[in-house]
Each structure stands twice: as C-alpha cells, then as structure tokens.
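Engineer: coordinates only, sequence not included:
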C-alpha cells in the first residue's frame, strides 16, 4: 500500500468520508497537522501531547472501499503514524476504538497492547 502524508487539499475528501459515515464533516480546527493516508481508501491522524504519549485518531475510511483494502490500509497507515510518533520522541501511541475490526489490526508482535473497556 502506498502511504502518503495528508496535505491540506486532502481534507475535503476525508471530511466527505466522515460526513458519509457520521452525518457531519470535521469541524474547523479539529484535525492536527500530521496525518497519513492511502489515497482513496483510509486516513488517520497523529495527535500530540506534552507527555511521551501520542494518539492515533480520526481514523476514517472511504465507505465505498473494500473491507480487505481498509484492513491493509489501516495497518500501513498505523505503521507510518507509529514511525512518525517515534521520530517525534513519543514512547507510547494510543488508539481507542469500539470497532473490533480496527482493534484486530494491531498485534502483540507489532508491540500493541490490546485491552477492552466494559
């Protein structure tokens, strides 16, 4: 999968996917500057904190893409975000989801710790 940095002109596409899935787009100022995507399939963003913890958030996929493509794209984008977070000095990357298919994308072999909240 070809992962690239999200550019300002890509936000309209990602916001359209969010609108299709959630009924609204991204509010102004909602997204951080750092994000990666597989164009046409899926994107996500790196939210930084003032600690050694960063978050992978606003994971959004094209509702017209295939499930198998989304899974592969999420793995590739997640890896790119993890590498970027490490380069920026973060030690921990947290992603929260209620979707089992998203949680399954992370594996212990890749250093992920999967935990569930009830």
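Structural biologist: Yep, that arrived. Owing to the predicted nature of the structure, the values given are computational and were not obtained by experimental measurement. Residues are numbered from 1 along each chain as shown.

Engineer: can we go C-alpha only for contacts and neighbour counts from here?
Structural biologist: Will do.

Engineer: Next, work out how far apart the residue nearest to the spatial centre of the chain and residue 2 are.
Structural biologist: In the chain, the residue lying closest to the centroid (CA atoms, centre = their mean) is residue 44, at 2.6 Å. Remark: distance between residue 44 and residue 2 (CA to CA, to the nearest Å) = 14 Å.

Engineer: ok now do residue 33, which residues does it touch?
Structural biologist: residue 45 (CA atoms under 8 Å, 6 or more residues apart in numbering).

Engineer: for the one 3 residues further on, same thing?
Structural biologist: The neighbourhood of residue 36, defined by CA under 8 Å, 6+ apart, consists of 3-6, 43-45, 77, 80-81.

Engineer: so which of those is the most crowded?
Structural biologist: residue 43 (30 neighbours; other CA atoms under 10 Å).

Engineer: Any idea what it is bridged to?
Structural biologist: residue 37, residue 60 (DSSP bridges).

Engineer: Is it in contact with residue 15, as I believe?
Structural biologist: No. Look at residue 43 against residue 15 with CA atoms under 8 Å: they stay out of range, at 10.5 Å.

Engineer: so what's the residue nearest to the centre of the chain closest to, chain neighbours aside?
Structural biologist: Of all residues not flanking residue 44 in the chain, residue 59 sits nearest, at 4.2 Å (CA to CA, 6 or more residues apart in numbering).

Engineer: Of the contacts of residue 36, which is the nearest to residue 67?
Structural biologist: Closest approach between the contacts of residue 36 and residue 67, by CA to CA: residue 43, at 14.2 Å.

Engineer: chain center to the longest helix anywhere in the chain, what's the gap?
Structural biologist: Counting residues, the longest helix found in the chain (DSSP state H) is helix 67-87. Offset of helix 67-87 from its chain centre (CA atoms, centre = their mean, to the nearest Å): 7 Å.

Engineer: what helices or strands is that helix leaning on?
Structural biologist: Counting contacts by 3 or more CA pairs under 8 Å, 6 or more residues apart in numbering; DSSP states H and E, helix 67-87 packs against strand 35-38, strand 42-48, strand 53-61, helix 100-103.

Engineer: and those as CSV, adding mean pLDDT and distance to residue 26?
Structural biologist: Below are the helices and strands packed on helix 67-87 laid out as CSV (pLDDT from 0 to 100; distance: least, CA to CA, whole Å):
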stretch, mean pLDDT, distance to residue 26
strand 35-38, 98, 14
strand 42-48, 95, 12
strand 53-61, 91, 9
helix 100-103, 62, 20
